[in-house]
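Participant: Take a look and give me a structure for this.
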Amino acid sequence: MKNYYRNIKIFILFVPLLFFLNLFSEKVKGIYISQYVFSSKRFYALLPALIENNFNTVVIDMKYDNGEVRVKMDSLFFKVGSYVKLNSLKERIDTLKKLGIKPVARIVCFKDNILGKYDNHKYAVKYADGSIFYDISNAIWVSPYSEFVQDYIIDVAKNCAINGFSEIQFDYIRFPTDGIKGTLLFPDKNEFSGFEIIIEFLKKAYTSLKKYGVDVSCDVYGYTVWFDSLKLANQYLDGMALYVDAIYPMVYPSHFSDSLFKKMDKEQRIYQIIYQSGLKSKKRIDKFKTKTILYLQDFTWKSSLMGKDYVNNQIKAAFDSDVDGFILWHPSSLYSYFSLDKKINFSNIYDE
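Facilitator: Prediction:
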C-alpha cells in the first residue's frame, strides 16, 4: 500500500519537477513571523536582519491558533466569520519574493475556536454527554473527520496560494492531547483510525494544492521522529511524509524530557537532542523524497538548562545532521540570534 501511495506522490510531482528542483535547491534558513508582526511596521524592520544574516524563508500565520483567517475564502466558508483583513498582504508577500525570501503560510488545522463555535458547535469535539471539549489553553478543537472542516482548511490554503505564498505549512495537524477529562467524540467519525484520517487529510490537501504550484508541508511534535508513532496525537511520520514536500519537526529542547541525555553537560545535551532528531527524521523520510526542516528554539523558556549559546548550538547540530534547513521560533518574533556577537557562518557551512 505504501508503494502505491508513493507512486501517486511521484506522479503528482512529475509535471512541475523543474519548478520544485529550483525552489528546494538551497537549504532553508528562516524564522517564524506572527500575524501581528507581519501586519505591522516591525515586519519591515526585520527585513534587513534577514538579508544581513542570509536568511531565505519566513513562516507567517495565515490561519492562527484561535481560528482567525487572514485571507478571504470562498463564499461557502466565508460565512463562518473567521476572516480578519491583513492590510497590504500582497505588497508584503511581493516584498519578500523580491528579496529572495520564500513566504510560507502557516495554517493551524484542528485547533479552532471560531470554526468550533460555528453552527451551534456542529464540528466541535465533544464529550459523551454533549458538552464541548476545551483543552488546557481553553481552546476548542474541530473534528478531523468532518468533510466540511477538511474543505474549510484546504480553502484557506488555496487562497493563500492564490495570494502569492510559495508554501503551505499545516500546523496542529493532530488530535488534542491535553486537558482531556473523558471520552472524546468526533463529529462525522468514520471507519478510519486517527492515524489514517490525518494521512487522508494530507493526501486530499496535497492533491488539491499542487495545481497552484505550491509546496506542501506540515509540522509534527519533536517526539514524533523518535517513536514509531504518537498514539494520542495520531501523528505517524512515515505516513505523513507520503503527502508533503517537507516535514518540520518541532525539536525545541525545552519540550523534551529533562531526563533525556541527563548525564551530559548542557551544551552536549542540547546538541544531541537536535542532532539525533535530525538523523532520525532523515533516516525515516528521505526515502520518500521528503525534506526534514527543524524548528529550533530562540525563546527563553528553560534556557537556563541549555547553556549560554543555545541558539548557535542548535543550528550547528542541525548543520551536522545534514537536514534540509531550520526555522527559528519565537512566539513574538523577537530573535536573539540577530543580536549575537558571534553567529554560525552558514554562507560557508550551509549553502550548497
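Participant: P187 reaches Y145, doesn't it?
Facilitator: Yes. Contact criterion CB atoms under 8 Å: P187 and Y145 qualify, at 6.9 Å. In short, each C-beta sits where N, CA and C put it, glycine included.
Participant: Between these two, which is the more surrounded one?
Facilitator: With neighbours defined as other CB atoms under 10 Å, P187 and Y145 compare such that Y145 has more, 19 against 16.
Participant: Tell me who's in contact with the more buried one.
Facilitator: F186, P187, D188, K189, N190, F192, I197 (CB atoms under 8 Å, 6 or more residues apart in numbering).
Participant: what do you get if the cut-off is 6 Å, keeping everything else the same?
Facilitator: F186, D188, K189, N190, I197 (CB atoms under 6 Å, 6 or more residues apart in numbering).
Participant: The first one and F133: what is the separation?
Facilitator: Applying CB to CB, to the nearest Å, one obtains 10 Å for the distance of F186 from F133.
Participant: cool, and the second one?
Facilitator: From D188 over to F133 the distance is 16 Å, taken as CB to CB.
Participant: These two - which one has more neighbours?
Facilitator: Between D188 and F133, counting by other CB under 10 Å, F133 is the more crowded of the two (20 against 14).
Participant: Which pLDDT value belongs to that one?
Facilitator: pLDDT, F133: 98.
Participant: what does stretch 112-131 contact?
Facilitator: Residues contacting stretch 112-131 (CB under 6 Å, 6+ apart): 66-67, 80, 82, 132-133, 139-143, 146, 149, 182-187.
Participant: Please identify the buried residues of it?
Facilitator: Under the neighbour-count criterion of 16 or more other CB atoms under 10 Å, stretch 112-131 has 112-118, 121-126 buried.
Participant: so where does the closest residue to D178 other than its chain neighbours fall, helix or strand?
Facilitator: Nearest non-adjacent residue to D178, counting by CB to CB, 6 or more residues apart in numbering: I136, 4.5 Å away. Remark: I136 resides in no helix or strand, with elements defined by DSSP states H and E.
Participant: about what we covered before: list buried residues within the contacts of stretch 112-131.
Facilitator: Going by neighbour count (16+ other CB under 10 Å), those have 67, 80, 82, 133, 139-143, 146, 149, 186-187 buried.
Participant: What about those, which are in strands?
Facilitator: Assigned to strands by DSSP state E, none of those qualify.
Participant: Tell me the one of those residues nearest L334?
Facilitator: Nearest to L334, judged by CB to CB, of the buried ones among the contacts of stretch 112-131 is A139 at 23.6 Å.
Participant: which residues touch that closest one?
Facilitator: K111, N113.
Participant: and the residue of the chain most remote from its centre, which of the three is it?
Facilitator: Ranked by distance from the centre of the chain (CA atoms, centre = their mean), the top residue is D129, with 33.2 Å. For D129, the assignment made with DSSP: H, G, I helix; E, B strand; the rest coil gives coil.
Participant: So what does it look like in phi/psi?
Facilitator: phi -80, psi 0 (degrees, to the nearest 10).
Participant: Distance from the particular helix or strand that has V58 in it to the middle of the chain?
Facilitator: V58 is part of strand 57-63, with elements assigned from DSSP H and E. Strand 57-63 has its C-alpha centroid displaced from the chain centroid by 9 Å (CA atoms, centre = their mean, to the nearest Å).
Participant: which intervals of this protein have sub-threshold pLDDT?
Facilitator: Where the chain drops to pLDDT under 70, the residues are 1-25, 345-352.
Participant: Can you tell me which residue is spatially central in it?
Facilitator: D219 (3.4 Å).
Participant: Just confirm that residue is within a helix.
Facilitator: No. Counting by three-state DSSP, D219 is located in no helix; its state is strand.
Participant: Quickly note the distance from it to S281.
Facilitator: D219 is 12 Å from S281, by CB to CB.
Participant: And S336, by the same measure?
Facilitator: S336 is 25 Å from S281, by CB to CB.
Participant: how about the helices in the stretch 1-150 of the chain?
Facilitator: Remark: helices assigned in the stretch 1-150 of the chain by DSSP state H, counting those that start in this stretch are 2-14, 17-23, 35-38, 42-52, 75-78, 89-98, 113-121, 147-162.
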